[in-house]
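**Q** quick one, fold the following:
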Amino acid sequence: MTRSLSDTQFEDLQSLRRELHQMPEVSGEEVQTAARVAQELERAGADRIWTGLGGHGVAAEFRGAQDGPTVMIRCELDALPIQEISRQPYRSQVEGKGHLCGHDGHMVMVLGVALALKKRPASGRLILLFQPAEETGAGAAGVINDPRWPELKPDFAFAYHNVPGRPLGELGLCRGVSNCASRGMKIRFSGKTSHAAAPEDGVSPAMVISDLMQCLPALGPGGKMGADFALATLTHAQLGEASFGIAPGAGELRMTLRSQTDARMDQLVQEAEAQLAGALAKTDGQGEIVSASVTWHDVFLATVNEGSALDLAAQAAAKLGLAVNVMDQPMRWSEDFGRFGLDGAKAAMLFIGSGEAQPQLHNPNFDFPDVLTPIGVRVLIEIVAQLLDGPGAAVVPTLAPDA
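**A** Alright, predicted model coming up:
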């Protein structure tokens, strides 16, 4: 069944994308964004809409005439806590926050699919999920843990992310792991302050912090991707107060740990905690020692693509005449979309080139290119057609076998 949008509909999607761009909301705060999306889904005639999923998530169902698989297309609602420096007339109107990762563009591509679903699929059902809190890694887990999730649970799941530096509209497909696991390690140190003229009367965490600033990054030097890949990045260090008269009694370190597999991440966590224990054991100060507490933040599991779902995307790109980049290594950055695959869906994370001259993701002057929207909508519509519009077209493998 042929589905397409008119030029006017794509112009409306562009206007909506720019409206969303002006009202960015960060992870966990996506109230207005979610309400605006729900309004558009109602206008598109969704058969059912869920709100408040896993926080502020929104989902819509479009049912086919006959039984069949459940296919989910997921995008993200949240923006970033970064000040936008664009001079565009539709730049962010919220101080210190901006859609600088392209989630505004991802949303309108998925809303474009909703508009195309005026012609319902022949079978099965399509779920469009607008997920909260992707940037913190909490959103997908929140949705899956929502008691209403069994009503939506898909057989297949697809998601996009735009990729600056790649040709516009090129579809990037990665067999196996597509995005690394990562998590933030925050260590808070406690000792005892003293007068700067008598530091021996205090307990300073300075030496512990100095030690860890060298040994923790060495746990993950980066390098070649593979099962043993690990990267530990020091992102923040703080010691005492900004004063000349106080010997420090507290401090904080923040590290981001990154790995290609969840198993390597588990090992990396153990190694980091062991290094911390060893550094603390060296402290001594008149019978008192530095203490520390560890908390973990922004926990992302590795995203792993399922082969048949990836092949469907490759077929869609081929039918539309789009270039395909068969990637030989995953993205270093993380995505919480992988949790849907772990929950049982045949899932594929797709990468779509947003232009070779496009500023990098999370850059303060990033802006999603509106010319990418029609391309993204058409690929998603074609994937849906392959799964839900026929008696079951054969999926012809088009990528290299799993390594």
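
**Q** my read: Leu322 touches Pro167, true?
**A** No - between Leu322 and Pro167 there is no contact under C-beta atoms under 8 Å: 9.8 Å. Yep, even glycine has a C-beta here, placed from its N, CA and C like the rest.

**Q** which one of the two has more residues nearby?
**A** Leu322 (19 against 13; other C-beta atoms under 10 Å).

**Q** what sits against the more buried one?
**A** Gly169, Glu170, Leu171, Ile375, Val379 (C-beta atoms under 8 Å, 6 or more residues apart in numbering).

**Q** can you check Leu16 too?
**A** Glu40, Val108, Leu111.

**Q** take the residues you listed and keep only those in helices.
**A** Among the contacts of Leu16, the residues falling in helices (DSSP state H) are Glu40, Val108, Leu111.

**Q** can you pull up the most central residue in this protein?
**A** Centroid check for the chain by C-alpha atoms, centre = their mean gives Glu335 as the closest residue, at 3.3 Å.

**Q** starting from Gly64, give me the distance back to that residue.
**A** 29 Å (C-beta to C-beta, to the nearest Å).

**Q** mind listing what's buried in stretch 204-215?
**A** By 16 or more other C-beta atoms under 10 Å, the buried positions in stretch 204-215 come out as Ser204, Pro205, Ala206, Val208, Ile209, Asp211, Leu212, Cys215.

**Q** for the residue nearest to Ile144 when sequence neighbours are not counted, the count of nearby residues, please.
**A** Nearest residue to Ile144 in three dimensions, chain neighbours excluded: Asp343, at 5.4 Å (C-beta to C-beta, 6 or more residues apart in numbering). Look at Asp343: counted by other C-beta under 10 Å, it has 16 neighbours.

**Q** what do you get for Arg120?
**A** 17.

**Q** repeat for Ala35
**A** Based on other C-beta under 10 Å, the number of other residues close to Ala35 is 12.

**Q** for Gly321, same thing?
**A** 7.

**Q** quick one: pLDDT of it?
**A** What the model reports as pLDDT for Gly321 is 97.

**Q** now it: how far from Val177?
**A** From Gly321 to Val177 the distance is 28 Å (C-beta to C-beta).

**Q** quick one, what contacts Met349?
**A** Ala159, His161, Cys174, Ser178, Asn179, Thr303, Asn305, Glu335, Phe337, Gly338.

**Q** residues contacting the nearest residue to Thr233 once chain neighbours are set aside?
**A** Spatial nearest neighbour of Thr233, excluding adjacent residues (C-beta to C-beta, 6+ apart): Thr256 at 4.7 Å. If you count contacts by C-beta under 8 Å, 6+ apart, Thr256 has them with Ser182, Arg183, Gly184, Met185, Leu231, Ala232, Thr233, Thr235, Asp298.

**Q** with Val26 instead?
**A** Asp78, Ala79, Leu80, Pro81, Lys97, Glu135.

**Q** taking these, tell me the two that lie furthest apart.
**A** Pairwise distances across the contacts of Val26 peak at 11.2 Å for Lys97 and Glu135 (criterion: C-beta to C-beta).

**Q** find residues that contact each of the two.
**A** Val26, Ala79, Leu80.

**Q** gap between the closest residue to the last one other than its chain neighbours and Thr295?
**A** The shortest distance from Leu80 to any non-neighbouring residue, by C-beta to C-beta, 6+ apart, is to Leu100 (5.1 Å). Counting by C-beta to C-beta, the gap between Leu100 and Thr295 amounts to 26 Å.

**Q** who has more neighbours, the two?
**A** Neighbours per residue, other C-beta under 10 Å: of Leu100 and Thr295, the larger number sits with Leu100, 28 against 9.

**Q** what's the helix or strand for the more buried one?
**A** Using DSSP states H and E, Leu100 sits in no helix or strand.

**Q** isn't it up against Leu361?
**A** Yes - counting by C-beta under 8 Å, Leu100 touches Leu361, with 7.3 Å between them.

**Q** near Val110, how many other residues are there?
**A** 25.

**Q** check the one 4 residues further on too.
**A** Taking other C-beta under 10 Å as the neighbour definition, Ala114 ends up with a count of 22.

**Q** what do you get for Gln260?
**A** What Gln260 shows, counting by other C-beta under 10 Å, is a neighbour count of 23.

**Q** please consider this matter closed, and thank you.
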